[in-house]
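1. No sequence on hand, only this structure:
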């Protein structure tokens, strides 16, 4: 999880360079962190080296994030695991709370697997705010 | 990155946080609480005025603290993003949340 | 002996064979081979039960403690193996005089066996010297060792998620090096209980109740998991984190039990022995089936729905119940024994909660309660003397409970036996092993949130009570 610090720096730099508002940058950061955490925890079942690539693309009023990894086919939108069943049964929901968070923050979400890589695309519509 | 400063007022320990309560920050916060707080005796208030960012890892540490600290545990000065997260996850009913330090200390130090 | 007479009386050969065809059986060397083989093969079947216990426990605990459970099971098995080698076997079987065996160190092949193994060319005398023992001495050690390991495994399940690893290992060392061997000396080793007629074929009391008593003593002194028994009287449900694993564990135990009970016949060198083994296998299976069905129906009647963990424990309690007397020739009684065991276990699990004893896997009802029932059933159905059975149950129960309680208490007062509350909340894996069996530390669930809200509400409620701190 400590490797996320590099990812956070990368995203922050990009947002600053592209004049993305602080709050939007935070929303993107949290979303990427939650996806990253889930993927690292559940998408890689073996001990070999894996990599995750994050691509940021900014349009006029939207920022698109694409997260690509080479782990097992794993769709964080539908396959995030059973949460820790330490409480009542009616609370059993697919996905930990992290999934709820990025689904809440990001506007468009889509997942695909092209045979080798997992691809998750998230888009955030940006507020028109001065930097 | 997260920075933490300890203080005390009226018998309540105060931890002023600034930075991001992400995966890395939450581990540091947990370690700091472990070092500084006696879970059986102390009351702890977290001043979150400079925490603009919280992820699920941060939420987990806060929940753990609330469950293990026998005495009072409270949060104050939440920023708008953190408030948004708490509302979305319904954690606003899980913590003792105060508007400012004064109100928190008054409630926590009886 | 036979070889000599065959060599010297050519004419006598035919006569001998014809005359003794009815009951000579196989020759003693073949018998030796079969009996040794049985010990070894049934022994490794029972060894496999260690894997069964591990899977059962790993699937029953919450995800954050899985690594520690696996480590504990591996460790206890290793400790049992070494302690039984150094002290346990001799205390249990060598020169047993009423109460206890010999305090010598270590075991090894007999002199006759060493002579045979090291001989350039074996003489018939050498072979006879070995064969006259009936079986290879080390095969008996191996078979007995896997039984004490089973006893040790029973203890780890009940105490999961909150017991400190190293004091636990210390307790296991005493259990396998001293407590169990003494119990074994009193019974299988030929001691005073066996002289009074106490009969426990494969160890309902000797293995399963012993493990159960030790677990109960530990569970009482350890206390329940944090938050398990709420102040308002309700019980926090802690369902298994991995149901397939628990089920796999139970099936592995079921399989291993054929070795546990079958191997306790101790001999395979005759038609009678082989037939007994077949009977034992079938009875063992029938009792398990009976336990499953009984637990299912009982759970349905008691709770309105069927909880898989109760049913799985029903299988185990059925197996434990038949362990004292799996040699019943009216095999329908085996089903009955298993059924009653299953009912008692299901009721027992409910009682444990009523008494606020936190037994994570239900080891105490499945092994202790069913073990006591099985020992009594041996008198009801198997012809054992009921007085001797009860004497054994009480004497062994008192001894194991007292010594276990003593050891746990000493550990509690010196090193402490319980992990700290914050560590327990975080999960033992992360804290004691610095690792994650499932790297799930970062995920947060709805359940955690609900629990946090409840916690706050109860704090608010206690604040508004007149007696404020």
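-> Sure thing, it's come through. These figures come from a predicted structure and were not determined experimentally.
2. Only C-alpha atoms from now on, for both contacts and neighbour counts.
-> Noted.
3. Count the neighbours of residue 74 for me.
-> In the absence of a named chain, chain A is used. 23 (other CA atoms under 10 Å in any protein chain shown).
4. actually it's chain C I care about, not the one you picked
-> Neighbourhood size, residue C:74 [other CA under 10 Å]: 15.
5. Quick one: name whatever helix or strand follows the one helix or strand residue C:248 maps to.
-> Here residue C:248, judged by DSSP states H and E, is contained in helix C:243-262. Sequence-wise, the next helix or strand downstream of helix C:243-262 (DSSP H and E) is helix C:271-303.
6. Summarise which helices and strands that following helix is packed against.
-> helix C:243-262, helix C:308-322, helix C:332-354 (3 or more CA pairs under 8 Å, 6 or more residues apart in numbering or on different chains; DSSP states H and E).
7. Which residue ranges of the chain form strands?
-> The chain I'm using is chain A. Using DSSP state E, the strands of chain A run over residues A:52-58, A:62-69, A:108-113, A:118-125.
8. Chain B is the one I meant
-> Going by DSSP E, chain B shows strands at B:2-9, B:12-21, B:44-54, B:73-76, B:96-98.
9. Redo the strands of chain A as a markdown table? Include distance to chain B, mean pLDDT and mean neighbour count.
-> Compiled in a markdown table, the strands of chain A are given as follows (distance: least, CA to the nearest CA, whole Å; pLDDT from 0 to 100; neighbours: other CA atoms under 10 Å in any protein chain shown):
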| stretch | distance to chain B | mean pLDDT | mean neighbour count |
| --- | --- | --- | --- |
| strand A:52-58 | 17 | 86 | 14 |
| strand A:62-69 | 18 | 88 | 20 |
| strand A:108-113 | 18 | 87 | 15 |
| strand A:118-125 | 16 | 89 | 20 |
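10. need those in CSV with distance to residue C:453, can you?
-> Conversion of these to CSV gives the following (distance: least, CA to CA, whole Å):
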stretch, distance to residue C:453
strand A:52-58, 36
strand A:62-69, 34
strand A:108-113, 30
strand A:118-125, 31
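11. List the buried residues for stretch C:348-365?
-> By neighbour count with 16 or more other CA atoms under 10 Å in any protein chain shown, stretch C:348-365 contains the buried residues C:348-350, C:356-365.
12. residue contacts, the spatially closest residue to residue B:71 that is not a sequence neighbour?
-> Across the structure, with CA to CA, 6 or more residues apart in numbering or on different chains as the measure, the residue nearest residue B:71 apart from its sequence neighbours is residue B:43 (5.2 Å). Listed by CA atoms under 8 Å, 6 or more residues apart in numbering or on different chains, the contact set of residue B:43 reads B:11-13, B:69-73, B:108.
13. Distance check, residue B:43 against residue B:7.
-> Here the criterion is CA to CA, to the nearest Å. By it, residue B:43 lies 12 Å from residue B:7.
14. The residue of chain B found nearest chain A: neighbour count?
-> Here chain B gets closest to chain A at one residue, residue B:56, 5.4 Å apart by CA to the nearest CA. Look at residue B:56: counted by other CA under 10 Å, it has 28 neighbours.
15. my guess is it contacts residue A:98, does it?
-> Yes. With contact taken as CA atoms under 8 Å, residue B:56 and residue A:98 are classed as touching, separated by 5.4 Å.
16. Geometric centre of chain B: which residue is closest?
-> Here the mean C-alpha position of chain B is nearest to the C-alpha of residue B:46 (CA atoms, centre = their mean), at a distance of 3.4 Å.
17. Lowest mean pLDDT among the helices and strands, pick that one out for chain A.
-> Every helix and strand in chain A was compared by mean pLDDT, DSSP states H and E; the lowest is helix A:76-79, with a mean of 72.
18. Any residue of that helix touching chain B?
-> No. Where contact is defined by CA under 8 Å from any CA of the partner chain, no part of helix A:76-79 touches chain B; the two come within 15.0 Å at best.
19. for that helix, the distance to its chain's centre please.
-> 11 Å (CA atoms, centre = their mean, to the nearest Å).
20. Over to stretch B:96-104?
-> On the basis of CA atoms, centre = their mean, stretch B:96-104 is displaced by 11 Å from the centre of the chain it belongs to.
21. Not counting that stretch itself, show me its contacts.
-> Under the criterion CA under 8 Å, 6+ apart, external residues in contact with stretch B:96-104 comprise B:45, B:47, B:73-78, C:456.
22. Doesn't residue C:224 belong to a strand?
-> No. For residue C:224, which was evaluated using DSSP: H, G, I helix; E, B strand; the rest coil, the result is coil, with no strand membership.
23. How about the backbone phi and psi for it?
-> When read as degrees, to the nearest 10, the backbone of residue C:224 gives phi -80, psi 170.
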